[in-house]
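Visitor: here is the input, now give the coordinates:
(chains A and B)
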Number of protein chains: 2
Amino acid sequence: MELTLAAVTALDAADPLAALREHFHLPDDLIYLDGNSLGPPPKATVTRLAQVVEREWGAGLVRSWNSAGWIDLPRRVGDKIAQLIGAPPGTVIVADSTSVNLFKVLAAALRLRPERRVIVSERDNFPTDLYMAQGLIDLLGGQHELRLVDTAEAIPAALAADTAVLLLTEVNYRTGRLHDMAALTAQTHACGALTIWDLAHSAGALPVDLTAAQADFAVGCGYKYLNGGPGAPAFVYVAPHHQADFRQPLAGWMGHAQPFAFDWRYEPAPGVARYLCGTQPVLSMSALECGVDLLLACDLHTVRAKSLAMTELFIALVESLCPELRLATPRAPNARGSQVSFQHPQGYPIMQALIARGVIGDFRAPDILRFGFTPLYLRYVDVWHAAQQLAAVLTDSEWQRPEFSQRAKVT
Amino acid sequence: MELTLAAVTALDAADPLAALREHFHLPDDLIYLDGNSLGPPPKATVTRLAQVVEREWGAGLVRSWNSAGWIDLPRRVGDKIAQLIGAPPGTVIVADSTSVNLFKVLAAALRLRPERRVIVSERDNFPTDLYMAQGLIDLLGGQHELRLVDTAEAIPAALAADTAVLLLTEVNYRTGRLHDMAALTAQTHACGALTIWDLAHSAGALPVDLTAAQADFAVGCGYKYLNGGPGAPAFVYVAPHHQADFRQPLAGWMGHAQPFAFDWRYEPAPGVARYLCGTQPVLSMSALECGVDLLLACDLHTVRAKSLAMTELFIALVESLCPELRLATPRAPNARGSQVSFQHPQGYPIMQALIARGVIGDFRAPDILRFGFTPLYLRYVDVWHAAQQLAAVLTDSEWQRPEFSQRAKVT
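Guide: From the prediction side, this is the model:
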């Protein structure tokens, strides 16, 4: 396509998802390219939360565990997320954080492969996934090995007869590189190991089909593309054929076969509930449900098509306007998630200067400028203007102003 | 005192905490004696949540991790709860669920006593505490023993040279019995073991002094006496002298020394932050802060005095009106938490009939009718009327109506 504002405006006019933007609270004076870190609030969330607090919690009080269905929330929202990731009903539950859920499935997976001692992952996987593996290995006495590869291409060669688990994030948080889940899962199974997929940057961003890929386990995040709110509860998936053998160490009462029998002996619930541990945060989970509901109204293939069109457009614009930036995201559309990353040694102050101009992306150490493209509420003109602002920050060396180098706690 | 409505009304007129009731959303048509299961919403919570969603999440978006201080919430609210439980600043953090936090401290405690293999607890401890211990023991290969005693009096004799940890809930969830934390901690230390105290039914209900008791670890719940909302995040305490050696297996990125350096190697944060795992639910945590703030405005000794006066009154009224009920709660005030429990073989339908009359308590299997007395929003006249309604349910055998035997999911 022609890189003109008129051409870009025409894309918005033809966008089948354009009407969805109205369902979000978004400030008028900024372009938000950080929905891959924290999605914005759906307008329905504000109304829903007031209802949960005043009507369910306030008027219903403790009775709402039954009457408002709070007790079923982890499963109900889980079944909704299941539809976004190609999982059958009764295989996904919403609970805890991604990190805690990863601990559950990693411990369960190692138990299913007791004779194998290696967890294969990428050194560039999101750190918490690697930290949780290290924490579990340490707890188990250091008999297991976390085998990290330095490039995605090296993964198949790292899988061996000693491998228990392949632990990967489908879309890399830094580069936006998208793994071939089906192919890697097949290679993992061929060597007798199991897969755990972290869908933090996939769920709600692109069509995921855990069933078709024959994935064993998955975890994912509620506050990015699912627009569930800051620190929203996470989710966990267990393939149907592992459910009966799924035994996880965070054996809390909500995962018990009969939590309200108050027996002192732990007995896991027969189905999906055994992934649960303690009581879940109802307010945050109710907010997450609003975000998920908006996605259920979309066709994820349409979302994916717009996402790729936007990332293509952004790459083309930035490469023409900002030659000093180096593309870190794969150029092939089928190897890309819903983000575009560029590298620059001064990435941090450049991003701060861009944010000061009202374009919000984020920085990932050591040198990544990261931009998330979320088709539910972004317009093609936003992509256009974001690239112009980025060019202005670089052209004027605006980013060299001292205030842009001051580090914040959260970058 | 005289058991007359006039005498009871006079108590309300002289109650120094009476004005606090106005700070809560409470339906006019019921008496809520279940704040020990789920506290009601403070009025401030409704306003605060709307502000968090619209201003912080909506307008601030991802920037609010810094600008609205979301990143500091676990520590900020933790320091506030610390004031309620006799803990110094920087020793308490709010995160996850009580169950998950128990896993953290139990694993850390066992690591500090590697040569010892026994966890002592009560068979009547809240089941999730026992389940989490079983899950951890199972994960560690079954080399540890959960030694359960059947009476509180048997605890000291169960502590031995093989004991690593004494794991107790200070106030029993069924009977309301209050342990002597200082004495039991001293006995535990005398045998070389460590203590973990679950404060689910203590924090905000009565003065707790972890420092004076020399407790090693504690966990607790946000949704009972702290009025933090359904499934509110929980808290965890680590004594200052254990902090440097505190190593927990749920080694998520929020507990890392430099989470935003994104290094692949886990290195625990130097202080209290190392108890953290994943990203925390900001909406639920903001609600919890409102509940905690209300308690900080009170003197917990005044709260305790009113609590004991209310439980004394309820015991006296029910024993005079309902001879078929048997008191399960200790009669000695200093051995009682902030609840009163009675036993009856038909406890379940009796409680359902009472709820239908607008008095909400709860049932705990197999035969416990449980009533929580929460001085911040209950009046002495509520205690009076609750006892009258309970008597009516029993006198008329109203509870025998078939609808009251239908079991709900959550009892």
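
Visitor: any idea how many residues pack against the closest residue to A:Asp15 other than its chain neighbours?
Guide: Of all residues not flanking A:Asp15 in the chain, A:Lys306 sits nearest, at 6.6 Å (CB to CB, 6 or more residues apart in numbering or on different chains). For the C-beta atoms, the positions are set from N, CA and C on the backbone; glycine is no exception. Counted by other CB atoms under 10 Å in any protein chain shown, the residues lying close to A:Lys306 total 22.

Visitor: for the closest residue to A:Cys221 other than its chain neighbours, give me its contacts.
Guide: Nearest non-adjacent residue to A:Cys221, counting by CB to CB, 6+ apart: A:Ala200, 4.1 Å away. By CB atoms under 8 Å, 6 or more residues apart in numbering or on different chains, the contact set of A:Ala200 is A:Thr98, A:Phe126, A:Thr169, A:Val171, A:Tyr173, A:Val219, A:Gly220, A:Cys221, A:Lys224.

Visitor: with adjacent residues omitted, what lies nearest to the first one?
Guide: What it means is A:Thr98. A:Ala234 (4.1 Å).

Visitor: kindly report the same for the last one.
Guide: With sequence-adjacent residues excluded and distances taken as CB to CB, 6+ apart, A:Lys224 is closest to A:Asn36, at 5.4 Å.

Visitor: look up how far B:Pro323 lies from the one you found.
Guide: 65 Å (CB to CB, to the nearest Å).

Visitor: near chain B, which residues of the stretch 51-200 of chain A?
Guide: A:53-54, A:56-59, A:61-66, A:70-72, A:96-100, A:103, A:107, A:123-128, A:130-132, A:134-136, A:138-140, A:148, A:174 (CB under 8 Å from any CB of the partner chain).

Visitor: contacts only, for the closest residue to A:Glu398 other than its chain neighbours.
Guide: The spatially closest residue to A:Glu398, leaving aside those adjacent along the chain, is A:Ala353, at 4.9 Å (CB to CB, 6+ apart). By CB under 8 Å, 6+ apart, A:Ala353 lies in contact with A:Val393, A:Glu398, A:Trp399, A:Arg401, A:Phe404.

Visitor: among those, which ones are buried?
Guide: A:Val393, A:Glu398, A:Trp399, A:Phe404 (16 or more other CB atoms under 10 Å in any protein chain shown).

Visitor: buried stuff in the helix or strand hosting A:Ser320?
Guide: Assigning secondary structure by DSSP states H and E places A:Ser320 in helix A:300-321. Of the residues in helix A:300-321, A:300, A:303-304, A:306-315, A:317-318, A:321 count as buried by neighbour count, 16+ other CB under 10 Å.

Visitor: spell out the secondary structure type for the closest residue to chain B within the stretch 251-400 of chain A.
Guide: In the stretch 251-400 of chain A, the residue that lies nearest chain B is A:Gly278 (2.7 Å; CB to the nearest CB). Here A:Gly278 takes the coil state, with states given by DSSP: H, G, I helix; E, B strand; the rest coil.

Visitor: what kind of secondary structure is the residue nearest to A:Glu398 in?
Guide: Under three-state DSSP, A:Ala353 falls in the helix class.

Visitor: what does stretch A:251-260 contact?
Guide: A:74, A:95, A:248, A:263, A:266-270, A:273-280, B:97, B:99-100, B:126-128, B:131-132, B:134-135, B:138, B:365, B:409-411.

Visitor: before we move on, the earlier item: farthest pair in the buried ones among the contacts of A:Ala353?
Guide: A:Val393 and A:Phe404 (9.1 Å; CB to CB).

Visitor: shared neighbours, these two?
Guide: Residues touching both A:Val393 and A:Phe404 (CB under 8 Å, 6+ apart): A:Ile350, A:Ala353.

Visitor: what's the burial count for the closest residue in space to A:Arg304 that isn't next to it in sequence?
Guide: Spatially, and ignoring its direct neighbours in sequence, A:Arg304 is nearest to A:Leu206 (4.8 Å; CB to CB, 6+ apart). Using other CB under 10 Å, A:Leu206 is surrounded by 23 other residues.

Visitor: now whichever residue of the stretch 1-150 of chain A sits closest to chain B. Nearest residue, chain neighbours left out?
Guide: Using CB to the nearest CB, A:Ser97 is the residue of the stretch 1-150 of chain A that sits closest to chain B, at 2.7 Å. Leaving aside its chain neighbours, A:Ser97 sits nearest to B:Gly278 (2.7 Å; criterion: CB to CB, 6+ apart).

Visitor: name the element the residue lying closest to A:Asp72 once chain neighbours are set aside belongs to?
Guide: Once flanking residues are discounted, A:Asp72 sits nearest to B:Lys409: 7.9 Å by CB to CB, 6+ apart. For B:Lys409, there is no host helix or strand (DSSP H and E).

Visitor: likewise for A:Ala218?
Guide: Counting by DSSP H and E, A:Ala218 is part of strand A:217-220.

Visitor: who does that strand pair up with?
Guide: According to DSSP bridges, strand A:217-220 has the following sheet partners: strand A:194-198 (parallel), strand A:234-238 (antiparallel).

Visitor: contact partners of the last one?
Guide: Residues lying outside strand A:234-238 but in contact with it, judged by CB under 8 Å, 6+ apart, are A:77-78, A:81-82, A:85, A:87, A:91-98, A:100-101, A:104-105, A:108, A:203, A:210, A:215-222, A:246, A:272, A:275, B:278.

Visitor: what do you get for stretch A:74-90?
Guide: Taking CB under 8 Å, 6+ apart as the rule, stretch A:74-90 contacts A:69, A:91-95, A:199, A:202-204, A:207-213, A:218, A:220, A:226, A:233, A:235, A:237, A:240, A:254, A:271-273, A:276, A:280, A:285, A:288-289, A:292-293, A:295-296, A:300.

Visitor: now do stretch A:17-27
Guide: Contacts of stretch A:17-27 (CB under 8 Å, 6+ apart): A:12, A:32, A:40-44, A:46, A:227, A:294, A:297-298, A:302-303, A:306, A:375-379, B:54, B:58-59, B:61.

Visitor: what parts of the stretch 201-350 of chain A come near chain B?
Guide: Residues of the stretch 201-350 of chain A lying near chain B (CB under 8 Å from any CB): A:223, A:229-234, A:247-254, A:256, A:259-266, A:277-285, A:287.

Visitor: can you do 6 Å?
Guide: Residues of the stretch 201-350 of chain A found near chain B (CB under 6 Å from any CB of the partner chain) are A:229-231, A:249, A:251-253, A:260-262, A:264, A:266, A:277-284, A:287.

Visitor: just the buried residues out of those residues, in PyMOL syntax.
Guide: To isolate the buried ones among these in PyMOL, judged by 16+ other CB under 10 Å, type:
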select buried, chain A and resi 229+230+231+249+251+252+253+260+262+264+266+277+278+279+280+281+282+283+284+287
